[in-house]
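Trainee: The following block contains a protein sequence and its predicted model.
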Amino acid sequence: MKTTIIALLALSSVTALAHTIRGTAVLRGKAEGLAWVNGVQIECVVKLDKKKITNLLDEDRYGNPAYQVEAEISLVSKDRRALPLRERHEVRFINMHTDAEGKIVRDEAYFAPTDRRFNFTIDANGRFKVLYAPSAVGNVVCRF
Amino acid sequence: MSLRSILVMGLFFAASFAQAGQTLTNVTAVVESGRTRRMLVLSSVDGRVYKAERNREMKAYLESLRGLNVQISWNQVGPERVITAITPVGNVSQDVNFFAPSANRDVEPTDVGTLERAVAIFNGLNDTNKTRSQCFKRAHMWSFDMWSRLGVISQKIYIFYTRRYIELQDFDWWFHVAPVVRAGGVDYALDRAFTKKPLTIREWKDKFLNKNITCPTITHYDEYYNNQWSRLCYLRLMPMWYFRPADIRDLDREGIVKNNWDLAELQDARRAFEGGEQTYEALDTGADTITH
């Protein structure tokens, strides 16, 4: 019994630690990547300037504060074999998620509350890794 | 006039004597008033200013007592305490010098009892124009005033804004501080420059930061210093003696404890209030101020 309690306590403290964020902010600037949708090559450009990265001024159940990011996303295809694609979106992303227990901030994962098909991940240094975005030719998965 | 004991010629006050008493203290400072023909003796046990008639002999005598433990006999004349005798007493067992550190000093914050009392204390604090002074100077003078006028041991609440908050919200401050008074077991921030009444720590925090944000209360400066991106703010409750954030850092990193008033800091802090140099002339060290 004693061992079980100790094990549970240890587990709960590990869980608590796991929810302490690093607070990594998305790097500002321009990220360019490539995606293929149904064999069509798409160039993805994400632009972020300093003024468009702010604190959401809300926090999760552990007290971790979330970010909000307004990004300009450009999806362009110059592939002559397919219909031309030229889309530009201004999308607000946040990293405040919801799981079974309530609100939870994730350092590396953002989504657009207005259209959850828009989302992206970053690495531990704040660099864009993958952008997911809907487009006229299908869902784009753009890697940077 | 004896050098060991001096009787002050205050006969013109005699008609208005209402109360007399004695204070065992240490002479922290002796200042010639620029506003009246008085010598001002800053007492270390209570922060009060005891006054004596100004003349060459008195000045020389009082200045010879600087830094010594003394017994002051006084008469209360209106709001003033007028010295009738002041005598050196040598070593004393009581803790009489709150302008010097003491290894044994361990003062608990005063509980003033009720919120009504806290409100009365709040209303008695010097009013100030917040644009003319910095918060840490106001907080220090208010703390000193509460201690010297009312005998209240207060605390201070610091809010530290992180780099994340400052950069992303384009915010100008990196900390704010206000004195805290305990009433009925509840701590209230007395921030007369920004609020109209005492506020609980949470209410006070909410005045300066979005209500959805909680600021963890820290017990070490580096919890703030090393975690600039995982939180937006931190709170730290400190004893009233700590003047600047650097004092908190020095406590936590170097173990430099402050449990006394520092005259140079008070000389600085008094400038928080318009006319502070005149109102608090007994706090003049004669040296330049240490902060702008």
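Mentor: Great, that's in hand.
Trainee: From the centroid of the chain, which residue is nearest?
Mentor: Since no chain was named, I'll use chain A. Centroid-nearest residue in chain A, with C-alpha atoms, centre = their mean: residue A:110, separated by 2.5 Å.
Trainee: Chain B was what I was after
Mentor: So for chain B, C-alpha atoms, centre = their mean, it's residue B:144, sitting 1.8 Å from the centre.
Trainee: Doesn't it belong to a helix?
Mentor: Yes: membership of residue B:144 in a helix is supported by DSSP: H, G, I helix; E, B strand; the rest coil.
Trainee: tell me the contacts of it?
Mentor: Contacts for residue B:144 (C-beta atoms under 8 Å, 6 or more residues apart in numbering or on different chains) come out as B:47, B:240, B:261, B:266, B:269. In this view, the C-beta of every residue, glycine as well, is placed from N, C-alpha and C.
Trainee: Next secondary structure after the helix or strand hosting residue B:70?
Mentor: According to DSSP states H and E, residue B:70 maps onto strand B:69-77. Beyond strand B:69-77 on the C-terminal side, the first helix or strand identified by DSSP H and E is strand B:80-88.
Trainee: one step back: please name the nearest non-neighbouring residue to the residue nearest to the centre of chain A.
Mentor: Closest residue to residue A:110 in three dimensions, ignoring its sequence neighbours and counting by C-beta to C-beta, 6 or more residues apart in numbering or on different chains: residue A:93, at 4.0 Å.
Trainee: got the CA coordinates for the helix or strand encompassing the one you found in CSV?
Mentor: Assigning secondary structure by DSSP H and E places residue A:93 in strand A:85-94. Extracted in CSV, the C-alpha atoms of strand A:85-94 (Å, rounded to 0.1, in the frame of the first residue of the first chain):
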residue,chain,number,x,y,z
LEU,A,85,-3.2,28.1,-57.0
ARG,A,86,-2.7,31.5,-55.4
GLU,A,87,-4.2,31.8,-52.0
ARG,A,88,-3.5,34.2,-49.2
HIS,A,89,-4.9,33.9,-45.7
GLU,A,90,-4.5,35.9,-42.6
VAL,A,91,-5.1,33.5,-39.7
ARG,A,92,-5.1,33.9,-36.0
PHE,A,93,-3.6,30.9,-34.2
ILE,A,94,-3.4,30.1,-30.5
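Trainee: which other residues reach that strand?
Mentor: Contacts for strand A:85-94 (C-beta under 8 Å, 6+ apart): A:40, A:42, A:56, A:66-77, A:110-115, A:118-120, A:133, A:135-137.
Trainee: ChimeraX command for the buried members of the residues you listed?
Mentor: Those of these that count as buried under 16 or more other C-beta atoms under 10 Å in any protein chain shown are selected in ChimeraX with:
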select /A:40,42,56,66,67,68,69,71,73,74,75,77,110,111,112,118,119,120,133,135,137
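Trainee: quick one: contacts for residue B:236?
Mentor: Each residue near residue B:236 by C-beta under 8 Å, 6+ apart is listed here: B:157-158, B:160, B:217-219, B:221, B:224, B:248.
Trainee: List buried residues within these.
Mentor: Neighbour-count burial (16+ other C-beta under 10 Å) applied to the contacts of residue B:236 gives B:157-158, B:160, B:218, B:221, B:224, B:248.
Trainee: For these, give me a markdown table that also has pLDDT.
Mentor: Formatted as a markdown table, these follow (pLDDT from 0 to 100):
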| residue | pLDDT |
| --- | --- |
| B:157 | 98 |
| B:158 | 98 |
| B:160 | 98 |
| B:218 | 98 |
| B:221 | 98 |
| B:224 | 98 |
| B:248 | 98 |
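Trainee: which neighbours does the longest strand seen in chain A have in its sheet, and in what orientation?
Mentor: Criterion DSSP state E: the longest strand present in chain A is strand A:65-77. With DSSP bridges as the test, strand A:65-77 is paired with strand A:40-48 (antiparallel), strand A:53-59 (antiparallel), strand A:85-94 (antiparallel).
Trainee: Please save the CA atoms from that strand in CSV.
Mentor: This file holds the C-alpha atoms of strand A:65-77, laid out as CSV (Å, rounded to 0.1, in the frame of the first residue of the first chain):
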residue,chain,number,x,y,z
PRO,A,65,-0.1,31.3,-20.3
ALA,A,66,-0.9,30.9,-24.0
TYR,A,67,0.2,32.8,-27.1
GLN,A,68,-1.7,34.1,-30.0
VAL,A,69,-0.2,34.6,-33.4
GLU,A,70,-1.5,36.3,-36.4
ALA,A,71,0.2,34.9,-39.5
GLU,A,72,0.0,35.7,-43.2
ILE,A,73,-0.1,32.4,-45.1
SER,A,74,0.5,32.3,-48.8
LEU,A,75,0.0,29.1,-50.8
VAL,A,76,1.1,29.3,-54.4
SER,A,77,1.4,26.7,-57.1
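Trainee: how much space between the closest residue to chain B within chain A and residue B:136?
Mentor: Of all residues in chain A, the one sitting closest to chain B is residue A:23 (3.2 Å; C-beta to the nearest C-beta). From residue A:23 across to residue B:136, the span is 27 Å (C-beta to C-beta, to the nearest Å).
Trainee: These two: who's more crowded?
Mentor: Neighbour tally, residue A:23 and residue B:136, criterion other C-beta atoms under 10 Å in any protein chain shown: the higher count belongs to residue B:136, 24 against 21.
Trainee: and the more buried one, what does it touch?
Mentor: Residue B:136 touches B:175, B:177, B:243-245, B:269, counting by C-beta under 8 Å, 6+ apart.
Trainee: do the same with residue A:41
Mentor: By C-beta under 8 Å, 6+ apart, residue A:41 lies in contact with A:34-35, A:77-79.
Trainee: tell me, how many neighbours does residue B:126 end up with?
Mentor: Burial of residue B:126 is recorded as 18 neighbouring residues (other C-beta under 10 Å).
Trainee: That one and residue B:139 touch, don't they?
Mentor: No: counting by C-beta atoms under 8 Å, residue B:126 does not reach residue B:139; the two are 11.6 Å apart.
Trainee: In the stretch 101-250 of chain B, which residue sits closest to chain A?
Mentor: Counting by C-beta to the nearest C-beta, the stretch 101-250 of chain B gets nearest chain A through residue B:229, at 3.2 Å.
Trainee: residue ranges with poor pLDDT in the chain?
Mentor: Using chain A. A:1-18 (pLDDT under 70).
Trainee: Chain B was what I was after
Mentor: Scanning chain B with the threshold set as pLDDT under 70 gives B:1-18, B:290-292.
Trainee: Okay then, goodbye and thanks.
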